[in-house]
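K.L.:
when you get a sec, could you give me coordinates for this:
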Amino acid sequence: MSIDVVVYALTGLAALGIAWTAVFGTSNRGVAMARAPRRLHLVAGVLALIGWVLFLFTDSASLPQRELIGIGALFFWWLVVGAGLLLLVQYLPSRGRHAGSRAKRRFSPALVGVFMHLMMLVCVGVFTYAYMVSAV
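P.N.:
Here you go, the predicted structure:
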């Protein structure tokens with residue numbers, strides 16, 4: 001399987017992750033989410049996806065700034081990963097005198113969040129590698 005096919009498949013997977021954030025990223029069943037990292041995660045994700053798709057489906061003849069758009073899209077992808085990791089910090093167990101008790105859940109949303117953000121980290125790593133070796 002060539003790196004092109006992998007990049008296109010991971011782009012679709014990353015788009016699903018951004019859509020998941022847009023639809024389900026508003027609250028966490030009673031756990032208050034920080035607004036700034038969530039908003040940064042969503043806005044950077046949308047900008048990264050638009051820039052990356054534009055980079056993938058154009059050539060240098062039709063868009064002279066293609067390489068600059070690719071670098072900008074990669075910057076926003078890494079920003080998405082950083083903001084996503086900030087969002088995952090909320091699931092760490094809190095200890096202390098004023099820490100509230102969280103109800104025990106059978107299926108934790110933290111597990112889904114960890115999987116999605118690790119997947120996004122792998123996607124962005126592959127995107128960066130493909131850009132560096134000029135495979136896309």
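K.L.:
what are the ranges of the helices in the chain?
P.N.:
Secondary structure of the chain by DSSP state H: the helices cover 3-24, 35-56, 66-88, 109-132.
K.L.:
now the ones you listed as TSV including mean pLDDT?
P.N.:
Listed next are these as TSV, based on pLDDT from 0 to 100:
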stretch	mean pLDDT
helix 3-24	89
helix 35-56	92
helix 66-88	92
helix 109-132	88
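K.L.:
just so I know, which of the ones you listed lies nearest Arg95?
P.N.:
helix 109-132 (16.2 Å; CB to CB). Bear in mind the C-beta positions are built from the backbone N, C-alpha and C, glycine included.
K.L.:
any chance you could list what contacts the closest one?
P.N.:
Contacts to helix 109-132, defined as CB atoms under 8 Å, 6 or more residues apart in numbering, come from residues 3-4, 6-7, 10-11, 13-14, 17, 20, 28-29, 52, 70-71, 74, 77-78, 80-81, 84-85, 87-88, 91, 135-136.
K.L.:
need the helices of the chain in TSV (columns: distance to Arg95).
P.N.:
Output for these, formatted as TSV (distance: least, CB to CB, whole Å):
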stretch	distance to Arg95
helix 3-24	28
helix 35-56	22
helix 66-88	18
helix 109-132	16
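K.L.:
spatially nearest residue to Ala14 (excluding sequence neighbours)?
P.N.:
Spatial nearest neighbour of Ala14, chain neighbours left out: Cys123 (4.8 Å); criterion: CB to CB, 6 or more residues apart in numbering.
K.L.:
ok, how many other residues are close to the one you found?
P.N.:
When neighbours are counted by other CB atoms under 10 Å, Cys123 registers 22.
K.L.:
can you check Met120 too?
P.N.:
Residues lying near Met120 (other CB under 10 Å) number 23.
K.L.:
Val23 now?
P.N.:
As a burial measure, Val23 scores 8 neighbours (other CB under 10 Å).
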